[in-house]
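Trainee: sequence first, predicted model second:
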Amino acid sequence: MTVTRHPARFLAFLIFLLLVAALTAAASLKPRPTARHIRQQLAKELQPVVLKNCTLERVGGVYDGGYLMCGNLLGDVESSYSYGIGPWDEWGCQISARLRVPVHQYDCFDPGRPVCWSGLAVFHDECIGDRRARIEGRAFDTLQNQILRNGDGGKTLVAKIDIEGAEETLLVAAPGRVLDRIDQLAMEIHGTNRDFLRMVLRLKRHFYLVHVHFNNQACDSKSRPLPAWAYQVLFVNKRIGVPDPAASPVVLPRSLDAPDWFMGRDCQGFGPIEP
């Protein structure tokens, strides 16, 4: 194409290039959200949903290691998974004994082997990650691979995850079909930045966020409007949860909640969430 033979086409092409350049420049000038703006959005996403068909119960430890779960929605569970356990696993042992299903316990950092006097515990000296690997002598594998290796690929599951911040990468990498097998996911989240916001948004495609409890060992004014940078949450699969749009907003803490450190000051609720 030459300018002399097709001036109109050339002019239209030139205008198109100028528009592309202008849009690119505008995008590059758009201010990036600040850490506080990200925490504000995360606080909005962490507002609990009330379910019509959920009766909350405390499962696990009296203080640290205890999680609120919908006790009446555990009846279809066929296998359970507990990640990050150390030398004890009250949550996994209670779930296994109550539901009469195996609990697969995963921890490659703590050599302790929790004992379940009632229930069926299967310990794996392995950690969960976003890929299969061996790092500094420790074995890691994905949630999908571990479930399949245990013969649980087609089963209904319940899971607890407390792995000190590594939860973000593995849950973002987990296929949706794997998440859909999990009826309830109790976990502790260890962060408030963009990565953890992305993880919460991903999980909320498959689950309702039903409860949040902030760890009083992580209370920090720098996390505002969140009261702490670590917090336990309960996700209930959208397959089984029935939201109650007429319910009043949840007031935290709930009566079943307990501080993680029983001698410490608790910190619950949200600060002002600005637009």
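Mentor: All right, it came through fine.
Trainee: so which strand or helix has Leu197?
Mentor: Taking DSSP states H and E as the criterion, Leu197 maps to helix 194-203.
Trainee: what's the first helix or strand after that helix?
Mentor: strand 207-214.
Trainee: got the contact list for that following strand?
Mentor: Outside strand 207-214, the residues that touch it by Cβ atoms under 8 Å, 6 or more residues apart in numbering are 45-51, 54, 56, 68, 70, 179, 185, 200, 203, 226-228, 230-238, 241, 243, 250, 252-254, 257, 267-268. Placement of C-beta: from N, CA and C, glycine included.
Trainee: now the strands for the protein?
Mentor: 56-60, 66-70, 79-83, 102-106, 120-124, 127-128, 133-135, 138-141, 157-161, 182-190, 207-214, 230-237 (DSSP state E).
Trainee: how about those strands, which one is nearest Ile15?
Mentor: Taking Cβ to Cβ, strand 207-214 is the member of the strands of the chain nearest to Ile15, at 47.2 Å.
Trainee: and the closest one with strand 56-60, angle?
Mentor: 60 degrees (axes from the mean of the first three to the mean of the last three Cα atoms, to 10 degrees).
Trainee: partner strands of strand 207-214, parallel or antiparallel?
Mentor: strand 230-237 (antiparallel) (DSSP bridges).
Trainee: roughly how far out does the strand it pairs with sit from the chain middle?
Mentor: Centroid displacement of strand 230-237 relative to its chain, using Cα atoms, centre = their mean, to the nearest Å, is 6 Å.
Trainee: for that strand, what is the average pLDDT?
Mentor: What strand 230-237 shows for mean pLDDT is 98.
Trainee: what does stretch 122-129 give?
Mentor: For stretch 122-129, the per-residue pLDDT values average out at 93.
Trainee: can you give me the end-to-end distance of that stretch?
Mentor: 19 Å (Cα to Cα, to the nearest Å).
Trainee: any stretches of the chain with poor pLDDT?
Mentor: 1-7, 9-14, 16-30, 272-275 (pLDDT under 70).
Trainee: tell me where it has helices.
Mentor: 7-29, 35-45, 90-99, 143-149, 167-173, 176-179, 194-203 (DSSP state H).
Trainee: which neighbouring elements make contact with the second one?
Mentor: Which is helix 35-45. Contact partners of helix 35-45 among helices and strands, from 3 or more Cβ pairs under 8 Å, 6 or more residues apart in numbering; DSSP states H and E: helix 194-203.
Trainee: can I get the strands of the chain in JSON lines including distance to Pro31?
Mentor: Below are these laid out as JSON lines (distance: least, Cβ to Cβ, whole Å):
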{"stretch": "strand 56-60", "distance to Pro31": "41"}
{"stretch": "strand 66-70", "distance to Pro31": "38"}
{"stretch": "strand 79-83", "distance to Pro31": "37"}
{"stretch": "strand 102-106", "distance to Pro31": "41"}
{"stretch": "strand 120-124", "distance to Pro31": "46"}
{"stretch": "strand 127-128", "distance to Pro31": "36"}
{"stretch": "strand 133-135", "distance to Pro31": "37"}
{"stretch": "strand 138-141", "distance to Pro31": "37"}
{"stretch": "strand 157-161", "distance to Pro31": "34"}
{"stretch": "strand 182-190", "distance to Pro31": "26"}
{"stretch": "strand 207-214", "distance to Pro31": "28"}
{"stretch": "strand 230-237", "distance to Pro31": "28"}
